[in-house]
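S.K.: Let's see this in three dimensions:
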Amino acid sequence: MEKPTPSDPTIFSKIISKEIPADIVYEDDLCLAFKDIMPAAPIHILVIPKKPIARLIDATESDKALLGHLNLVAAQVANDAGIGDKFRLVMNNGAKAGQSVFHIHYHVIGGRSLQWPPG
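M.R.: Okay, the predicted model is just below:
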């Protein structure tokens, strides 16, 4: 696959613009979090920035504060969902790592016992 560009529309950009409905559990000026429609665990929430960054490898020094904010929001939504002391935070980078939507996003996963290695 060619390198995706931030202008490529994704399902996440349509959720951000409210063109597609989502079960949003958190939103601020920088990001939003919503329940995954195909959960891998009882609690599975996606945290996405509103700024389109295709892959983590495409982030720049200017994204440092945003990436830190996403981590704090992930912890907050995990806590709000009742899994704040027992969750996994996953970000896939690239198709070969399992990334299927080319807009960076964290998976906040919990609500059951998680195994290691993850797969």
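S.K.: so where is this protein shaky, pLDDT-wise?
M.R.: 1-7, 119 (pLDDT under 70).
S.K.: What residues of the longest helix along it count as buried?
M.R.: For the chain, the helix that runs over the most residues, judged by DSSP state H, is helix 64-80. Within helix 64-80, the residues that qualify as buried are 66, 69-70, 73-74, 76-78, counting by 16 or more other C-beta atoms under 10 Å. The way it works is simple: take the backbone N, C-alpha and C, and place the C-beta from them, glycine included.
S.K.: all strands of this protein, in order?
M.R.: Remark: strands assigned in the chain by DSSP state E are 24-27, 31-35, 43-49, 87-90, 106-110.
S.K.: Span of stretch 47-55 from start to end?
M.R.: Using C-alpha to C-alpha, to the nearest Å, one end of stretch 47-55 lies 14 Å from the other.
S.K.: still on that earlier bit, possible to save the strands of the chain as CSV with mean neighbour count and distance to Phe12?
M.R.: CSV is the format used below for the strands of the chain (neighbours: other C-beta atoms under 10 Å; distance: least, C-beta to C-beta, whole Å):
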stretch, mean neighbour count, distance to Phe12
strand 24-27, 14, 12
strand 31-35, 21, 9
strand 43-49, 23, 5
strand 87-90, 17, 16
strand 106-110, 22, 12
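S.K.: Asp58: which of the ones you listed is closest?
M.R.: strand 43-49 (11.8 Å; C-beta to C-beta).
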